[in-house]
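**Student:** Any chance you can model this:
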Amino acid sequence: MPEIIDTHTHFYGAEFAPDFSEAIRLSREAGVSRALIPAVNAGSLAGMDEACALAPDFFLRMIGQHPTEMPVDYEADLDLLEKELFGHPEKYVAVGEIGLDYYWSTERKAEMNAAFRRQLEWAKARSLPVSIHARSATLDAVRAVREVGSGSLTGVFHSFTDGEEELRAVLDLPGFVIGVNGVFTFKKSPLPELFRRLLPIDRLVLETDAPYLSPTPFRGKRNAPFRLPLVLSAVAEVYGLSEEDAASQILATTRRVFPLV
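**Tutor:** Model prediction:
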């Protein structure tokens, strides 16, 4: 099997408790060598530590505050995350999952932007890549990246589902790539045609966002890293490559964006 790295999976939640070890075994058999797990706030760190203790050679940690998982006192939560990152830098390969989400509500828009920019500053200070969640907010997220550290920040716009304008904006950021997951395989997804036209294969990485966004034909079921070969196969077909060649190019991109992987 071609080697694959899952660059974004919440593989430490209750959804995996019944078959955690089996899911890791199946993922390894599917060619997934490592999985990057993002924090969503300080409360998620304990679960990430437990997962890493059980499979230290499989999981790699990111640290950050998700825009829809901000506690009421989000600044205190950020203080805890900042203390953890700067106190134990060896534990983390990236800052994430951070970003903006205007899809559900814009009520906390100002707070989201403040938190996002603060965490971008951490990444810049530590020379770490970022994993960005930008739902209905990509252009604002790109603007923040430019203003905080255009040319110095790198990372992934994870689970990209926007259109041409947003894709071009991300591609204009040097050092940033697109995270591709099961949405790419959905029957009515416009992403394959959009990416074929505009996204060079060396500007994408693979992810699951598990337990969400299972690829076809498992849409609606719990996702896991062992489903990534289905996404790889779809990407290879769109780009007219063998799965081995596509995997090799994507793996090189992944290790370029995440140097500690």
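**Student:** Can you tell me how far S152 is from L260?
**Tutor:** Noted for S152: a distance of 17 Å to L260, by C-beta to C-beta, to the nearest Å. The way it works is simple: take the backbone N, C-alpha and C, and place the C-beta from them, glycine included.
**Student:** I meant L81, not that one.
**Tutor:** Using C-beta to C-beta, L81 is found at 18 Å from L260.
**Student:** Compare the two and say which one has the larger neighbour count.
**Tutor:** Set L81 next to L260 and count neighbours by other C-beta atoms under 10 Å: L81 wins out with 24 against 11.
**Student:** The more buried one: helix or strand, and which one exactly?
**Tutor:** Assigned by DSSP states H and E, L81 belongs to helix 74-87.
**Student:** So what touches that helix?
**Tutor:** Here helix 74-87 makes contact (C-beta atoms under 8 Å, 6 or more residues apart in numbering) with 39, 41-43, 45, 63-65, 70-71, 91-92, 95, 111, 115, 118-119, 122, 126.
**Student:** tell me which strands and helices the next helix or strand after it is in contact with?
**Tutor:** Later in the chain than helix 74-87, the nearest helix or strand by DSSP H and E is strand 92-101. Under the contact definition 3 or more C-beta pairs under 8 Å, 6 or more residues apart in numbering; DSSP states H and E, strand 92-101 sits against strand 59-63, helix 109-126, strand 130-135, helix 138-149, strand 155-157.
**Student:** Let me have the ones you listed in CSV, extended by mean pLDDT.
**Tutor:** CSV is the format used below for the helices and strands packed on strand 92-101 (pLDDT from 0 to 100):
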stretch, mean pLDDT
strand 59-63, 98
helix 109-126, 98
strand 130-135, 98
helix 138-149, 97
strand 155-157, 98
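**Student:** Format the ones you listed as CSV; extra columns: distance to E166.
**Tutor:** CSV is the format used below for these (distance: least, C-beta to C-beta, whole Å):
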stretch, distance to E166
strand 59-63, 22
helix 109-126, 16
strand 130-135, 8
helix 138-149, 4
strand 155-157, 9
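**Student:** Of the ones you listed, which is nearest R196?
**Tutor:** Closest to R196 of these is strand 155-157 (C-beta to C-beta; 18.0 Å).
**Student:** Can you list the strands that that closest one pairs with?
**Tutor:** The pairing partners recorded for strand 155-157 under DSSP bridges are strand 130-135 (parallel), strand 176-180 (parallel).
**Student:** could those strands go into CSV alongside distance to E164 and mean neighbour count?
**Tutor:** Listed next are those as CSV, based on distance: least, C-beta to C-beta, whole Å; neighbours: other C-beta atoms under 10 Å:
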stretch, distance to E164, mean neighbour count
strand 130-135, 15, 27
strand 176-180, 13, 24
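**Student:** Distance to D162 for those - can I get that in TSV?
**Tutor:** TSV is the format used below for these (distance: least, C-beta to C-beta, whole Å):
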stretch	distance to D162
strand 130-135	8
strand 176-180	10
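**Student:** and R168, which of these is closest to it?
**Tutor:** That would be strand 176-180 among the strands paired with strand 155-157, by C-beta to C-beta, at 11.6 Å.
**Student:** Distance from the chain centre to that closest one, please.
**Tutor:** 8 Å (C-alpha atoms, centre = their mean, to the nearest Å).
**Student:** again, but for stretch 218-228
**Tutor:** Relative to its chain's centre, stretch 218-228 lies at 16 Å (C-alpha atoms, centre = their mean).
**Student:** What residues sit buried inside that stretch?
**Tutor:** 223-228 (16 or more other C-beta atoms under 10 Å).
**Student:** any idea how far D162 is from L194?
**Tutor:** Per C-beta to C-beta, D162 is found 9 Å from L194.
**Student:** Among the two, which residue is more densely surrounded?
**Tutor:** Applying other C-beta under 10 Å to D162 and L194 shows that D162 carries more neighbours, namely 20 against 15.
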